[in-house]
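In: Got a predicted model here, sequence first, then my questions.
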Amino acid sequence: MDRSDVRSGRARLDLLDPLEVSKLGGLELITEGVVEGFLSGLHRSPRRGFSVEFAEHRMYQPGDELRYVDWKILGRNDRLYVKQFEEETNLRAMIVFDTSRSMAWTGSPSTVLPKLAYSQRLIAALALVLIRQRDATGLITFDDDVRSVMPPRARLSHWRQLLGTLAAVEGGQGTAAEPALKRVVRQLRRRGLVVFVSDLLLDQSLALKALRFLRHRGHQVLVLHIMDPAEVALGGPNEARFEDPESRTAVIIRPRDWAGAYRDTVRAVVSEWRLACRRHGIVYQRVTTDTPYGVVLRAALTPPSRSA
Amino acid sequence: MIGFLHPWVLAGLAAAAIPILLHLLARREPPTVMFPAVRYLVSTTREHQRRLKLQNWLLLFLRTMLIAILVMAAAGPTAPMSGVPGHVPSALVLIIDNSPSSGTMAGGSPILANLVTAARSVLARATPDDALWLVAADEIPRRGDAAGLGELLDDLAVSPRRLQLGRAISLAGEVLASEKRPGEIVVLTDLQATALSPAEPRAPLLIGRPTTPPPPNTGIGRIETGTQPWSSGRGRISVVLVGDSAGSVPVSARFGDRPPRQALGRVGGSVVLTLPGVPPGWWTLTTALDPDEFRHDDRRVGAVRVAPVARVRWDSTSRFLAAASEVLASNGRILPGREISLGRLAQGASVVQPPNDPAQLGALNRALAARGVRWSYGNLSTDLAFTDSGAVVGRQRVVRRYPLQSAGSGRTGVLATVSGAPWIVRDGSVILLGSRLDPAWTDLPTSAGFMPFMDMLLNRLARGEAALGQGTPGDPVPLPDLVTAVRQGEQEWRVEGGGMFQPPDAGVFYLLAGRDTVGAISVNPDPRESRLTRASDAQARQLWNGARLESLRDVADDAFSSASRGDLRGPLLWLALIAGLAEMGLASGWRRRV
C-alpha cells in the first residue's frame, strides 16, 4: 500500500491498524483516507439534518439521498450536486480534547500509538466527517487548563486550521476537564454535539458534573474513553515501580501477581463510567488505541439509541 | 533425641536464610515504569494489601521451612523409634544366661539352645558399625563383631557357674560406660527367680525369656556328712532335696566305686542313708537322683575323711577343756592317749592355751621357742572383740586374749582370727589358742559350736589337717595356709597357701601340703539353681527399672530399639512436599484470586 492508494481511496484506512495507518503519511492525508474509507463503507449518510430551507450546494457523496440531488445542475454541467438546507448547518459540534501528560503515553511504542497521537487522528477524522456534513465543528484542547479554543465552523478551510491545532498539540501537564467543558457552554449557545476525548484519568465526579451540565443544556454528549491496551491488561517486568506521569504517585507491585485484580478494577471503572453516562443520556465509548479508526467512527457517529 | 548421620550438612541450614535475603534484596528499588493508570493500581492493591502482606509472610515462612526441611533431610536425621529396621551405630551388650538352669530340657532341647537362637537373631540385626559384647555365666565381657560372637555362641555350653543377673547387668553397664554410642543391654535368660538380684541398668534393658513354664524339678541341695573324720565303722549321711517337684524320688549314695545305698526322699526333706564302713583315707561321696529335665542338680559330691579318732591327754585343771574332752571320749570321738596333748605344751602334738597366770607366759614362750614354734604370745588384751567367722570357728565374743606374734616373715598357719589378728595358729604339730577356752575369756566354751569345734580341733587340726571346704564352680575358694597343690582325679593345680582357688567344675578337690592330703573342697552347683520357678515380669521390672520383657522369639525385633533410630528423611521429604505444594497452592491460588 502506498500514498496513491490512499489518495485514490482504494485503501480502507479506516479499518487498518492505527499504527500502520500513521506510517502512511501526514495527519491530513491519512485523515482524508480514513474518512474516505469510512464514508465509502456507509450505505447512507450518518447525519440527516436536511431541511426545506436551501442553504448551498455541495458535491454529491455516496450515501446522499437522491432526492436532494440537484438535477438542474446535473443537466447543465453533468455534475452531481446535492442541495443542502439551513437545518444541516445548524448542528454545531465541539470536540473537547484531553492533552494531558497521561495522554502522551503508550505501553508499547513499537506497536501502539500513544493515546495523544491516536486521538489526534481520530479527532481529525471525526471533524472531517462532521464538516463534510456541513456540521460546524470546533475544538478545545486542555490539560490542567484550557490550552486552545477553536470555535465551530463548517468550512473545509476550518478543518485545515483544526488540523494545524491538532498537529501542534503535545502532552501537557495534569488533567482538569471541568474548565474545558465549561468553555463549551460559551462556544455552543444552541444545542449541539459535544465529543469529549480523554483517557478519563481525571476527577470523575467533577468531569461527570460538567458533562451532566452539558447534557442538561440539551447537548448531545459523546465520551470517547481512550485507553492504551497496556492500561487494560497489566504487564511489565517481574517487579516494578509504577509511577503516574502526572501526579507522580507510585506503587511497587509484581504485575504478574496483580494482573487479574487490575483487570477487574479496570472493568469496574469502565463499567462505572458507562453506567454513569447512560444514567444521564451520555454516550460512552471505550476506545483502545489499537482499534481501527473506522470502527470508532462508526460507533461514535451511530445514533445514540443504537450505540447504547 | 534427634541425631544426624551427616551433621556437617546442617551447615546448609544457612541456606534457609535465602528467602529472607531474597526478600531483603527484593526490597531494593525496582525499575520505574511510567504508567498513567496508577490510580487503578492503587485502587486494586488497596483492597488486597492486608491479605497480600499475610500471604507474603506465609510464603516466606513456607519457603524458609522448605529449605530448612530439605537441608535437615540431607543431613540424615534419625530419632529413637521402636519397630524400625535400621539403627544408628550403637553399643550392645548381650548377656546370655548359660547358668546350670539353662540346661533344663524344654520341648526336646535345652533352654540354652533357645537362648542361643535368640542371641543369633539379635546379632543378625547388628551392623558393622555396632560395638558388641557377649557376656555369659563366666561374667567375662567378650567383644567382637556379629560373626565372631556367633562363633562364640557355637561353642557355648551350659556353664556350671551360676549367673547373678543383677551383677551381670551392672557389669554390662560398666562396659557401656565408656562407649559414646547409644548403648543397650539385652539379657537372654530363663529368668529363674533365684537368679534375680537388684541392679540399676545404665542403659536401656531388654529381657528375652521363655514364655512356657519350667518343668518341675528335684535336685540334691546339700549333703550332710556329720562330724569328721569318720571312724572306720559305718557312717550316716543326710541328703537334703530341693526343687519344686512334689513326688518322691529315689536317692542313692556311694563311696567311690562301691555299691550305692538308696532311699526315697521328697523335696524339702532330707534322706538319711547309712553307708558301710570303709578303710581310713579320703573318700569321695557321690549322691545321685534319677535323671529329670534338669540334670545338673541330680548329682552332688562330698569329701569324707575316714580315720581313727585322736588319742588325747587333756588338762584336767581346765574345767571346760576337761568337760568337752570327757564328752567327746564318751561319744567315741576321742580316746584317752598320748597322741595329742590338750591344754599344755607336751612332746607330741599339742593344743596350747595361754596360762591363767600372766607370770607364766614368759616360760611358755621360751618353751615354744625351744620347741621351734615360730609363734609366741604377746601382751594380754582385754578389749572386747569378736572372732572372724570361718571354717574353724563361727563368730564368738572374745574379752581376753593374748595376741599371737609370729617370729617369721609371714603369717602361715593362721586357723582363726579376731578382728583380723591371729587367734588360733598352727606351727607344725603345735596349735596355739589366743584365749583360754573359758567363759571368762571367750563365749566359745558356752556356745553350741563348742563341741564340733573341739572335735575338729582334736581330730583334724591337731593332726595337721585343714577344715573341709565347700564351693561352687567358678567361685574362688580360700585355701588354707599350708596347701601347695589342689588335685582332682589326675589333674593337679599348683597353688599358694593362703591364696584363692577357682574350681572350674563340680567335683571334690583335694588339698595337698607336700605329699600329704590335708583337706578337700567339695564343689557342687549352687542349690538355688534347682528352683526353676521363673520370676514374673513385674518382679523383673521392679528390680530393673525400665526393663522391657519380650519372648525369646520376639526379642530380636526389639533389640537395638533404644538405638533403633528411625530414619526421618522420609517423613521430612513428605513434609517438604507438603510445604512445597502448600507454597505453590498458596501462591498460584492467591494469584488467581488477585
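Out: That came in fine, so what should we check first?
In: mind listing what residue B:320 touches?
Out: Residue B:320 is in contact with B:437, B:438, B:439, B:445, B:450, counting by Cβ atoms under 8 Å, 6 or more residues apart in numbering or on different chains. Where C-beta positions appear, they are placed from N, C-alpha and C, glycine not excepted.
In: tell me the secondary structure for the residue nearest the centre of chain A?
Out: Central residue of chain A (Cα atoms, centre = their mean): residue A:123, 4.0 Å from the mean position. Following DSSP: H, G, I helix; E, B strand; the rest coil, we place residue A:123 in the helix state.
In: could you check the distance from it over to residue A:281?
Out: Per Cβ to Cβ, to the nearest Å, residue A:123 is found 23 Å from residue A:281.
In: about what we covered before: which ones among the contacts of residue B:320 map onto helices?
Out: Taking DSSP state H as the definition of helices, the contacts of residue B:320 contribute residue B:450.
In: which one of the contacts of residue B:320 sits closest to residue A:208?
Out: Taking Cβ to Cβ as the measure, residue A:208 lies nearest residue B:450 of these, at 133.8 Å.
In: quick one on the thing from earlier: can you list the contacts of residue B:320 in CSV and add neighbour count, distance to chain A and pLDDT?
Out: As requested, the contacts of residue B:320 are exported to CSV (neighbours: other Cβ atoms under 10 Å in any protein chain shown; distance: Cβ to the nearest Cβ, whole Å; pLDDT from 0 to 100):
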residue, neighbour count, distance to chain A, pLDDT
B:437, 22, 111, 92
B:438, 17, 113, 92
B:439, 15, 110, 93
B:445, 23, 110, 93
B:450, 20, 108, 92
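In: Kindly indicate which of the contacts of residue B:320 lies nearest residue B:223.
Out: Distances from residue B:223 to those, taken by Cβ to Cβ, are shortest for residue B:450, at 24.2 Å.
In: ok, that closest one to residue B:443 distance?
Out: On the measure of Cβ to Cβ, residue B:450 and residue B:443 end up 9 Å apart.
In: Residue A:276 now?
Out: For residue A:276, the distance to residue B:443 - Cβ to Cβ - is 127 Å.
In: Using the three-state scheme, assign the residue nearest to residue B:449 when sequence neighbours are not counted.
Out: In this structure, residue B:449 finds its nearest non-sequential neighbour in residue B:394, 5.3 Å apart by Cβ to Cβ, 6 or more residues apart in numbering or on different chains. At residue B:394, secondary structure determined by three-state DSSP is coil.
In: closest point of the stretch 51-200 of chain B to chain A, which residue?
Out: residue B:52 (8.0 Å; Cβ to the nearest Cβ).
In: Touching, residue B:89 and residue B:132? I think so.
Out: No: the criterion here is Cβ atoms under 8 Å, and residue B:89 misses it with residue B:132 at 11.1 Å.
In: Neighbour count for the two, which is higher?
Out: Neighbours around residue B:89 and residue B:132, counted as other Cβ atoms under 10 Å in any protein chain shown, are more numerous at residue B:132. The numbers are 20 against 16.
In: Can you verify the more buried one is assigned to a strand?
Out: Yes: assessed with three-state DSSP, residue B:132 lies in a strand.
In: so it touches residue B:147, yeah?
Out: No: between residue B:132 and residue B:147 there is no contact under Cβ under 8 Å: 10.1 Å.
In: quick check: domain ranges of chain A?
Out: A:3-40, A:54-87, A:91-307 (automatic domain parsing).
In: rank those domains by pLDDT, which is bottom?
Out: Of all these, mean pLDDT reaches its minimum on domain A:3-40 (a mean of 67).
In: Could you pull up the residues touching whichever residue of the stretch 201-350 of chain B sits closest to chain A?
Out: With Cβ to the nearest Cβ, the shortest gap between the stretch 201-350 of chain B and chain A falls at residue B:204, namely 54.1 Å. Applying Cβ under 8 Å, 6+ apart to residue B:204 gives the contacts B:183, B:184, B:185, B:546, B:548, B:561, B:562.
In: filter these by proximity to chain A?
Out: By Cβ under 8 Å from any Cβ of the partner chain, no member of the contacts of residue B:204 lies near chain A.
In: and the closest residue to residue A:191 other than its chain neighbours, how many neighbours does it have?
Out: Among residues not flanking residue A:191 along the chain, residue A:218 sits closest, at 4.0 Å (Cβ to Cβ, 6+ apart). If you count neighbours by other Cβ under 10 Å, residue A:218 ends up with 10.
In: What ranges in the stretch 1-150 of chain B fall below the confidence cut-off?
Out: B:1, B:26-28, B:80-86 (pLDDT under 70).
In: Point out the residues in it that sit beside chain A.
Out: B:26, B:29-45, B:47-48.
In: Please pick the buried ones from these.
Out: B:30, B:33-45, B:48 (16 or more other Cβ atoms under 10 Å in any protein chain shown).
In: Wasn't the residue of the stretch 51-200 of chain B closest to chain A part of a strand?
Out: No: using three-state DSSP, the secondary structure at residue B:52 is helix, not a strand.
In: okay, now it: neighbour count?
Out: Residue B:52: 18 neighbours (other Cβ under 10 Å).
In: so it makes contact with residue B:45?
Out: Yes: using Cβ under 8 Å, residue B:52 is in contact with residue B:45, at 7.3 Å.
In: which one of the contacts of residue B:204 has the most neighbours?
Out: That'd be residue B:185 among the contacts of residue B:204, by other Cβ under 10 Å, with 30 neighbours.
In: who's in contact with that residue?
Out: B:92, B:93, B:95, B:169, B:172, B:173, B:176, B:201, B:203, B:204, B:205, B:206.
In: In the sheet, which residues pair with residue B:96? Tell me.
Out: Under the criterion DSSP bridges, residue B:96 forms beta bridges with residue B:188.
In: Please read the previous query as pertaining to residue B:352.
Out: Going by DSSP bridges, residue B:352 forms beta bridges with residue B:343, residue B:432.
In: and the stretch 101-250 of chain A, which of its residues are near chain B?
Out: So far as Cβ under 8 Å from any Cβ goes, the stretch 101-250 of chain A lies against chain B at A:101-103, A:105, A:199, A:201, A:228, A:230-231, A:234, A:236-237, A:239-247, A:249-250.
In: Tell me which of the residues you listed fall in strands.
Out: A:240, A:241, A:242, A:243, A:250 (DSSP state E).
In: thought the residue nearest to the centre of chain A was touching residue A:139?
Out: Yes: using Cβ under 8 Å, residue A:123 is in contact with residue A:139, at 7.2 Å.
In: any residues in contact with both of the two?
Out: A:95, A:97, A:166.
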